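Asks: Pasting the sequence and the predicted coordinates here, then a few questions.
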Amino acid sequence: MVNSLCLCLLLFFVASSRLQVSAESVLEDATSDRLGNDTVREVNHSGSESTHPSVEHTGNESTHPPGEHTGNKSTHPRGIHVASWRFDYVRIPLVTTLFIVLTAWCKMAFHHIPYLSRLIPESCVLILLGTLTGVCVYFSGAVDVFPEFSEELFFLVLLPPIVLESGYSLHNRAFADNFGTVLLYAVVGTLINIFTIGPVLYGLAEVGAMGDFRIGFRVCLAFSSLIAAVDPVAVLAIFEELGVNSMLYFLVFGESLLNDAVTVVMYNMMSAFLEIDEIGPTEIALGFASFLSVSIGGVVIGVVHGVVTAISTKYTAHTRVVEPLLMLGLSYLAYIMAELFHFSGIISLLTCAVVQAEYAMPNISYKSATSVRVISKMISSTADMVIFLFLGLALVNPSHVWHTGFTLWTILLCLVFRFFGIFLISIIVNWFDRLKKIHYEDMFITSYGGLRGAVCFSLAASLAVEESMKNILLTTTMAVIIFTVFVQGITIKPLVHIFRVKLAMEKISMFEEVNTGVSYLPNHIGSNRLN
């Protein structure tokens, strides 16, 4: 209620200020027209049109660009004022900060209502809050109050904090033990999804399973490359609450992070294919060579910046205050440098974060390490809030184009091929005599936990296709996000209980403990590592 009331009051003041500004502009235009007419009449009366043009009698209009004087006047009123309204001057930081603070209050209230947090994930609440904000904004007519969502805003500002905080969380022995399986899930599983969902959607459209709807083959591949991105934030929150075993947790967590990196690389490659008239064997070979170079280049840049961080923090004993700055600054620099050379910024940042956690964290003080963890977590949560705000604004956008057949087929194929890829890879991994077998209940939960979120939404919003097709694909993407977050996110907790998934508190045999070297302490490495 507090959130809605504050937001409505803000929008009321925004609408009032806009009406006031528009009324003032109309009055100024009328006054200027009247003055202009009077000037012309004076000039005509004096008979000096040729020597004294009417433009010269208007003062300094020729030296000031149109709108400059009135703009400065509305933003910085002349004279001495006790108080003045300067909303245009603080519009973007004010609205963004207000939304973040109100969202933080809502998150606090959500976690203080036990029955609510047990029923629905936090992501559902954030999406509903963003949608409510979008409804209020559109009905108040204050759409231009919020900054425009763009590819640069997402990939250069909002995404890096989320990836960095997740990268620090990967510093765990359980992730290292399951890294091979995670890599197969993220690379092979994602490629299976991309090259099955896209062609099947194209085939269904061609045989008339979607009515008269038609879509190009390359557009289908570009769409499948973005819809394959998973974001199981809600699932991981449930896993932490229930205390599932560390193997399942890091299978889902690690696969989602590396999956985002793979999907972004594949999306860029498919988007490049959309700009080529004819695609032959040479272009396909160059595409896969680009996939390898982008991935390897990201790893190299991440390792270099991680090592530079470790070396730099060896000499900060007398300047502890710069330690968090070095950790966060060099990690973001790794992301920017990778993007500069068109490598994978996500892979670079993940690699840098893991190297920093292993080699730089021991060099810094306990207070600095705590500051890095808290700051990265805080900025990551803030970025999530802003992304859900834009998602809510996009949900109430009137330009949506709903196609029932295409949307339902997309949701079904995402589920089917997600299960197919996870089960196929898990069975193959178990067949190669994996010490800790992946049980069928773990396979099911891993498959069912493939929720869609921020990455696929941002990629769909930046897809370079014709406007009508883009509206259909963006609407379908948001339908998939809503279905996976609300339906799968809400039902996965009962399924964990139904399938009796092994929890971390259950005892394991001494043979399994010694041979795997598993540590069930969170964020702890080394005390039982086998060298």
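Replies: Great, that's in hand.

Asks: Please enumerate the helices of the stretch 201-350 of the chain.
Replies: 217-227, 233-242, 246-274, 281-312, 323-340, 345-355 (DSSP state H, counting those that start in this stretch).

Asks: just checking, D260 touches S344?
Replies: No - look at D260 against S344 with CB atoms under 8 Å: they stay out of range, at 9.8 Å. Quick note: C-beta positions are derived from backbone N, CA and C, even for glycine.

Asks: just so I know, which of the helices of the stretch 201-350 of the chain lies nearest S399?
Replies: helix 217-227 (17.7 Å; CB to CB).

Asks: So which elements touch that closest one?
Replies: Counting by 3 or more CB pairs under 8 Å, 6 or more residues apart in numbering; DSSP states H and E, the packing neighbours recorded for helix 217-227 are helix 190-206, helix 246-274, helix 454-461, helix 467-482.

Asks: contacting residues around the nearest residue to E151 once chain neighbours are set aside?
Replies: Of all residues not flanking E151 in the chain, S462 sits nearest, at 4.1 Å (CB to CB, 6 or more residues apart in numbering). For S462, the contacting residues are S150, E151, F154, by CB atoms under 8 Å, 6 or more residues apart in numbering.

Asks: rerun at 10 Å
Replies: F149, S150, E151, E152, F154, F155, L226, Y267, S271, K470, L474 (CB atoms under 10 Å, 6 or more residues apart in numbering).

Asks: residue contacts, V485?
Replies: 120-121, 123-124, 126-127, 231-235, 391, 451-453.

Asks: Most neighbours among these, which one is it?
Replies: Sorting those by how many neighbours each has (other CB atoms under 10 Å) puts V235 first, at 30 neighbours.

Asks: Near I482, how many other residues are there?
Replies: So I482, with other CB under 10 Å, has 17 neighbours.

Asks: From A228, how far off is it?
Replies: 17 Å (CB to CB, to the nearest Å).

Asks: ok, now F239?
Replies: 22 Å.

Asks: and what of E240?
Replies: For E240, the distance to A228 - CB to CB - is 25 Å.

Asks: what about those two, which has more around it?
Replies: A228 (31 against 11).

Asks: which residues touch the nearest residue to T313 once chain neighbours are set aside?
Replies: Nearest non-adjacent residue to T313, counting by CB to CB, 6+ apart: N363, 3.9 Å away. Taking CB under 10 Å, 6+ apart, we find N363 in contact with 309-317, 323, 326-327, 356, 369.

Asks: ChimeraX command to pick out the buried ones of the residues you listed?
Replies: The buried residues among the contacts of N363 can be selected in ChimeraX (16 or more other CB atoms under 10 Å) with this line:
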select :309,310,312,313,316,323,326,327,356,369
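
Asks: least trustworthy position among the contacts of N363, going by pLDDT?
Replies: Across the set of the contacts of N363, A317 stands lowest in pLDDT, at 88.

Asks: right, and that one touches S365 too?
Replies: Yes - with contacts counted by CB atoms under 10 Å, A317 reaches S365, the gap being 8.8 Å.

Asks: Common neighbours of those two, please.
Replies: E323.

Asks: Nearest residue to the residue positioned nearest the centre of the chain in space, please, no chain neighbours.
Replies: Centroid-nearest residue in the chain: A454, 3.8 Å away (criterion: CA atoms, centre = their mean). For A454, ignoring the flanking residues on the chain, the nearest one in space by CB to CB, 6+ apart is I387 at 4.5 Å.

Asks: what is the orientation angle of the host helix or strand of that neighbour with helix 233-242?
Replies: For I387, the host element (DSSP states H and E) is helix 366-395. Note on geometry: by axes from the mean of the first three to the mean of the last three CA atoms, to 10 degrees, helix 366-395 and helix 233-242 are set 130 degrees apart in direction.

Asks: List the first helix or strand encountered after helix 366-395 toward the C-terminus.
Replies: Where DSSP H and E defines the elements, the next helix or strand beyond helix 366-395 is helix 404-431.

Asks: For whichever helix or strand comes after that following helix, which residues meet the burial criterion?
Replies: Following helix 404-431 in sequence order, the next helix or strand is helix 440-448 (DSSP H and E). Buried residues in helix 440-448, counted by 16+ other CB under 10 Å: E441, D442, M443, F444, I445, T446, S447, Y448.

Asks: from the residues you listed, which single one is nearest S331?
Replies: T446 (28.3 Å).

Asks: ok, the closest one touching N259?
Replies: No - in this structure, T446 is not within contact of N259 by CB under 10 Å, at 11.7 Å.

Asks: Counting neighbours, what do you get for the closest residue to L395 other than its chain neighbours?
Replies: Spatial nearest neighbour of L395, chain neighbours left out: T131 (5.1 Å); criterion: CB to CB, 6+ apart. Residues lying near T131 (other CB under 10 Å) number 19.

Asks: low-confidence ranges in the stretch 151-300 of the chain?
Replies: Residue ranges of the stretch 151-300 of the chain with pLDDT under 70: 232, 234.

Asks: 80 instead, please
Replies: Scanning the stretch 151-300 of the chain with the threshold set as pLDDT under 80 gives 171-172, 232-238, 240-243, 277-279.

Asks: how about the residue lying closest to I127 once chain neighbours are set aside, what does it touch?
Replies: Closest residue to I127 apart from its sequence neighbours, by CB to CB, 6+ apart: F388 at 5.6 Å. With contacts defined as CB under 10 Å, 6+ apart, F388 is in contact with 99, 103, 123, 125-131, 133, 453-454, 457.

Asks: again, but for L350
Replies: Neighbouring residues of L350 by CB under 10 Å, 6+ apart: 163-164, 166-168, 170, 254, 257-258, 260-261, 298-299, 302, 331, 334-335, 344.

Asks: next one: S166
Replies: S166 neighbours (CB under 10 Å, 6+ apart): 233, 236, 253-254, 256-257, 260, 346, 349-350, 353, 376, 380.

Asks: in which helix or strand would I find it?
Replies: helix 159-169.

Asks: between that helix and helix 246-274, how big is the angle?
Replies: 150 degrees.

Asks: Pull out the buried positions in the very next helix or strand once past helix 159-169.
Replies: Following helix 159-169 in sequence order, the next helix or strand is helix 173-177 (DSSP H and E). For helix 173-177, the buried set under the neighbour-count rule, 16+ other CB under 10 Å, comprises R173, A174, F175, A176, D177.

Asks: Which of those sits closest to L191?
Replies: For these, the nearest to L191 is F175 (21.6 Å; CB to CB).

Asks: Okay, the closest residue to the closest one other than its chain neighbours and G392: tell me how far apart.
Replies: Of all residues not flanking F175 in the chain, F250 sits nearest, at 4.3 Å (CB to CB, 6+ apart). Computed as CB to CB, the F250 to G392 distance reads 31 Å.

Asks: and what of F420?
Replies: Distance from F420 to G392, by CB to CB: 33 Å.

Asks: for L170, same thing?
Replies: 30 Å.

Asks: circling back: now the two most distant members of the contacts of S166.
Replies: L236 and L349 (18.6 Å).

Asks: more crowded one of those two?
Replies: L349 (31 against 20).

Asks: can you pull the contacts of the nearest residue to the more buried one once chain neighbours are set aside?
Replies: Spatial nearest neighbour of L349, excluding adjacent residues (CB to CB, 6+ apart): Y335 at 4.4 Å. Each residue near Y335 by CB under 10 Å, 6+ apart is listed here: 155-156, 159-160, 163-164, 298, 301-302, 305, 343-350, 352-353.

Asks: at 7 Å what do you get?
Replies: P160, G345, S348, L349 (CB atoms under 7 Å, 6 or more residues apart in numbering).

Asks: And for G254?
Replies: The neighbourhood of G254, defined by CB under 7 Å, 6+ apart, consists of L170, F175, V182.

Asks: right, and the first one touches Q356 too?
Replies: No - when contacts are counted by CB atoms under 7 Å, L170 is not listed as touching Q356 (11.2 Å).

Asks: Understood, closing this out.
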